[in-house]
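Enquirer: I'll drop the sequence and a predicted model, then ask my questions.
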Amino acid sequence: MGYSIGLDIGGTKCAVSVGAASADGVEIKFREEFPTAGKSWQDVLAIYTDKIQALSETYEIANIGISCGGPLDSKAGLIQSPPNLPGWDDVPIVQYFTDKFNVPVHIQNDANACALAEAKYGAGRGARNVVFMTFGTGLGAGIVVDGKLYSGTNDNAGEIGHIRLAPRGPKGYNKDGSAEGFCSGAGIARLAGIRAREYEMEYADSESAAKARAGELTTKDIFGYVRAGDPFCTRVFKESAEKLATILAFTIDILNPEVIVLGGVFMRNADLFMKEIGPILEREALPGALKVCRIVPAGIGENIGDYAALAVAGM
């Protein structure tokens, strides 16, 4: 019996997992993570090599899948200078592990990998046309069309965070007023800071607005305040939700998916978002396309990175 190895590469930590086919799609037999901050790509790949070599004594390795933040070239197997991995410039990671272990090795950016995982094992299971939106530190999307991943001509498909939704607004993806600026964990906190300064007189007595002006309000804090009925944070949240609905409407009209799966901030606050986005989608999206599209939180949850890498291994 062959096992898949999943490598989930991040800016602060990496993980290695072992997966086996099961009735539910995949069963994780082993998982371990280690810190990456301050380590060179050579150091990280050497650590992975030692761990995979040790695992190969227990598990017969059939293939290896890698999930990593982009940009990258999935066809050439290169990691190409992701912002969270300084020094990882044109790293030939697929060839490296192919040479080491002589098994098929595949790589995808994390949004594409998560889309595969949700389509195979999660909330999009059984659907042919699935879009996954990260809604975490940033906002990206992975697109599965007719059961196959669509990554574009050079792996840039699905970069919805780059779309500008307003001439001014929180910066995300190096662009003011971008979708990532309004609809990401980092972006919502920045949006709160901007609006707290703009509405300083209106919310002069607001504890949350004061924290936002001082840069001390996190996105997690914002949703805690929203659930407690805080007027300022509710206003910020509603603005983010409106922008999310706009991006969802674009996606529904252009791709006509069966399922849009959202992770991160949406997944943890789906009840709040669904109340806000519904009426906007009814107004903005094509009725026929909206009727056949489900919008749901990620089904895999916080361990999606492991399943994402394993899904890539089985491509």
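Expert: It's in. Residues are numbered from 1 along each chain as shown.
Enquirer: Centre-most residue in this protein?
Expert: In the chain, the centroid-proximal residue (CA atoms, centre = their mean) is T134; its distance is 2.7 Å.
Enquirer: for it, what are its contacts?
Expert: Contact partners of T134, counting by CB atoms under 8 Å, 6 or more residues apart in numbering, are 110-111, 114, 140-141, 263-264. (Each C-beta comes from the backbone N, C-alpha and C, glycine too.)
Enquirer: burial measure for the closest residue to I79 other than its chain neighbours, as a count.
Expert: Nearest non-adjacent residue to I79, counting by CB to CB, 6 or more residues apart in numbering: V91, 4.3 Å away. Using other CB atoms under 10 Å, V91 is surrounded by 24 other residues.
Enquirer: mind listing what V91 touches?
Expert: Per CB under 8 Å, 6+ apart, neighbours of V91: 41, 45, 78-79.
Enquirer: what does S17 give?
Expert: Per CB under 8 Å, 6+ apart, neighbours of S17: 5-6, 8, 28, 30-32, 306, 309-310.
Enquirer: Tell me the spacing between it and E32.
Expert: Distance of S17 to E32, given as CB to CB, to the nearest Å: 8 Å.
Enquirer: What of G152?
Expert: Distance from G152 to E32, by CB to CB: 33 Å.
Enquirer: and if you look at Y48?
Expert: Distance from Y48 to E32, by CB to CB: 11 Å.
Enquirer: quick one, which of these two is more surrounded?
Expert: Shown here are Y48 and E32; by other CB under 10 Å, Y48 has more neighbours (22 against 12).
Enquirer: That one: helix or strand, and which one exactly?
Expert: Assigned by DSSP states H and E, Y48 belongs to helix 41-55.
Enquirer: so what does that helix touch, helix or strand wise?
Expert: Counting contacts by 3 or more CB pairs under 8 Å, 6 or more residues apart in numbering; DSSP states H and E, helix 41-55 packs against strand 3-9, strand 13-20, strand 27-35, strand 61-68, helix 93-101.
Enquirer: hey, what's D8 bridged with?
Expert: Beta-bridge partners for D8, by DSSP bridges, are A15, S67.
Enquirer: That one: neighbour count?
Expert: With other CB under 10 Å as criterion, D8 counts 26.
Enquirer: before we move on, what about the one 5 residues further on?
Expert: Counted by other CB under 10 Å, the residues lying close to K13 total 13.
Enquirer: how about it, what does it touch?
Expert: K13 is in contact with 33-36, counting by CB under 8 Å, 6+ apart.
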